[in-house]
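Q: Pasted the sequence and its predicted model underneath.
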Amino acid sequence: MLMLKLLGREGRKELAKAAGASTIGIEMGLAVAFGYLGGHWLDEKLGTSPYLMYLGLAVGFAAGFKSLYRIASRYHRETQRRETQRDA
């Protein structure tokens, strides 16, 4: 707690942004893993191996990249907003 007080308001904001960006790898990995495992499970239940596994893997990649795009867009908007405030 003392460390957060020493950072100040701007330091805490930067730390929060870094924490948000650090979740990219975890979100990508989990999305791909859940897509793959879900497709594999459905393939076993329906006997369609390996088609649903590949479909689940593709959906997992798409979900991971959507998450990456969302985080990158948020960071870009915040950077643009900060630059316009600084210029004004």
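A: Sure, I can see it.

Q: okay, CA-based contacts and neighbour counts for the rest of this
A: Will do.

Q: how much space between residue 77 and residue 10?
A: Separation of residue 77 from residue 10 (C-alpha to C-alpha, to the nearest Å): 17 Å.

Q: do residue 55 as well
A: Distance from residue 55 to residue 10, by C-alpha to C-alpha: 44 Å.

Q: Show me which of the two is the more surrounded one.
A: A count of neighbours by other C-alpha atoms under 10 Å puts residue 55 above the other of residue 55 and residue 10, at 16 against 9.

Q: The more buried one is in contact with residue 38, isn't it?
A: No. The pair residue 55 / residue 38 is not scored as a contact, 9.6 Å apart, by C-alpha atoms under 8 Å.

Q: Can you show me the helices along this protein?
A: 2-21, 24-46, 51-87 (DSSP state H).

Q: and the shortest one, how far out from the chain's middle?
A: Spelled out, that is helix 2-21. 20 Å (C-alpha atoms, centre = their mean, to the nearest Å).

Q: Can you check what angle separates that helix from helix 51-87?
A: Helix 2-21 and helix 51-87 meet at an angle of 130 degrees, taking axes from the mean of the first three to the mean of the last three C-alpha atoms, to 10 degrees as the criterion.
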